[in-house]
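S.K.: Dropping the sequence and predicted coords here.
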Amino acid sequence: RGSAAPHLPPRQGSCMQDQARKRARLGMAAEAAADAAADAPAVVLTEDEERVAAVLLGAVQSRSTVVRIAGGWVRDRLLGRESHDIDVALDDMSGVEFAELVNAHLRELGHDTHSIGVIKANPGQSKHLETANVRVLGLEIDCVNLRAERYSDESRIPEITVGTPLEDAERRDFCLNALFYNLNTRSVEDFTQRGLADLRDGLLRTPLAPRQTFLDDPLRVLRAVRFASRYVFTLDEGLAEAAASEDIRQALATKVSRERIGKELEGMLSGTSARPALAVALLRELGLFGPVFSPPPDAA
């Protein structure tokens, strides 16, 4: 990371200028996302998904809330695969508040409701950042506010704040996992402007600089191997170069628990879509055998 900028007293009006720049950047990002998605293949919802979508939108019909499905579900549906991993990202309310509205709407419609599971935010962070799990017509749905992340050098656990759609897309591991499906407009949104192209080309790239992405969370190196082997994606040249660097190997060995490494390894080597030989070949090619297979320092 570069050296810190000198601290200067804020100029009058600088906050308003910063807010204006942020709004302008978000507006341009929204336009770019719409342009990038203009030629995207249509996502056709199943009958069950259509019923769920109607409930989700009905829960906020008197509000201006934008309801987006994020990440893996969008990727898999564009690839023609089934997916039941529905994560909802909201622009103006917490996941818990949305889940409560969904349950209230289900009761209005005469449907069964279930208790809401809540994954607490880190201490000191806004309750808007809590993730709520709600069951809707038989489907489990995770709900959360759009978010931004900031990492420290010591941990792969980020500081999380409420964010914009662009910030939420940029915090994700790979561009093809940063796509949104906007339920309000029934359209795919590509705020990185690279996700749809990467999905079409079978290419794995990070929304932000790959070296910093992997230093922030070294586990993403193993996620790259898992996705590349399962989907037969090609690693972007810059991504592969960063993943094979010594500082990333050191970060993987020191910042990530053996439990998390083991879970990613299991995902590479098992399951109906797994290609273990390809995963092992990629681990070897990237020089990751050491941090992945070495015993922890305190092992007997």
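M.R.: Alright, I've got the coordinates.

S.K.: measure Glu47 to Pro165 for me?
M.R.: Glu47 is 28 Å from Pro165, where distance means CB to CB, to the nearest Å. Bear in mind the C-beta positions are built from the backbone N, C-alpha and C, glycine included.

S.K.: of the two, who's got more company?
M.R.: Pro165 (22 against 7; other CB atoms under 10 Å).

S.K.: correct me, but the more buried one touches Phe180?
M.R.: Yes. Counting by CB atoms under 8 Å, Pro165 touches Phe180, with 6.7 Å between them.

S.K.: Overlap in contacts, those two.
M.R.: Arg68, Ala89, Glu189, Phe191 (CB atoms under 8 Å, 6 or more residues apart in numbering).

S.K.: ok, the third one to Asp168 distance?
M.R.: So the one you mean is Glu189. Distance, Glu189 to Asp168, by CB to CB: 11 Å.

S.K.: more crowded one of these two?
M.R.: Glu189 (27 against 24).

S.K.: Tell me if I'm right that the more buried one and Ala178 touch.
M.R.: No. In this structure Glu189 lies outside contact range of Ala178 using CB under 8 Å: 9.6 Å.

S.K.: secondary structure class for Arg260?
M.R.: helix (DSSP: H, G, I helix; E, B strand; the rest coil).

S.K.: quick one, what contacts the closest residue to it other than its chain neighbours?
M.R.: Once flanking residues are discounted, Arg260 sits nearest to Leu219: 5.7 Å by CB to CB, 6 or more residues apart in numbering. By CB under 8 Å, 6+ apart, Leu219 lies in contact with Arg156, Leu252, Val256, Arg260, Ile261, Glu264.

S.K.: Of the residues you listed, which is the most crowded?
M.R.: Counting neighbours by other CB under 10 Å, Leu252 comes out on top of the contacts of Leu219 with 24 neighbours.

S.K.: Contact partners for that residue?
M.R.: Pro218, Leu219, Val221, Leu222, Ile261, Leu288, Pro291, Val292.

S.K.: what does Leu286 give?
M.R.: With CB under 8 Å, 6+ apart, Leu286 has these contacts: Val221, Val225, Ala240, Ala243, Ala244.

S.K.: okay, the shared contacts of Pro165 and Phe180 in TSV with distance to Val118, secondary structure and pLDDT next?
M.R.: Shown next, in TSV, are those (distance: CB to CB, whole Å; DSSP: H, G, I helix; E, B strand; the rest coil; pLDDT from 0 to 100):
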residue	distance to Val118	secondary structure	pLDDT
Arg68	20	strand	98
Ala89	17	strand	97
Glu189	27	strand	96
Phe191	27	coil	96
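
S.K.: Make a markdown table from the residues you listed and add distance to Leu283 to it.
M.R.: Listed next are the shared contacts of Pro165 and Phe180 as a markdown table, based on distance: CB to CB, whole Å:
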| residue | distance to Leu283 |
| --- | --- |
| Arg68 | 34 |
| Ala89 | 32 |
| Glu189 | 33 |
| Phe191 | 31 |
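
S.K.: of all those, which two lie farthest apart?
M.R.: Taking CB to CB, the two most distant members of these are Ala89 and Phe191; they sit 11.3 Å apart.

S.K.: Identify the contacts common to these two.
M.R.: Pro165, Asp168, Phe180.

S.K.: Spatially, what comes nearest to the first one if we skip its sequence neighbours?
M.R.: If you skip the residues right next to it in sequence, Pro165 has Phe191 as its closest partner in space, 5.5 Å away by CB to CB, 6+ apart.

S.K.: So that neighbour sits against Phe180, correct?
M.R.: Yes. Counting by CB under 8 Å, Phe180 is a contact partner of Phe191 at 7.2 Å.

S.K.: Neighbour count for these two, which is higher?
M.R.: Phe191 (27 against 24).

S.K.: The more buried one and Leu179: what is the separation?
M.R.: 8 Å.

S.K.: Check the contact lists of those two and give me the overlap.
M.R.: Ala169.

S.K.: For the residue nearest to Arg260, give its distance to Ala279.
M.R.: Taking CB to CB, one finds Leu219 at 15 Å from Ala279.
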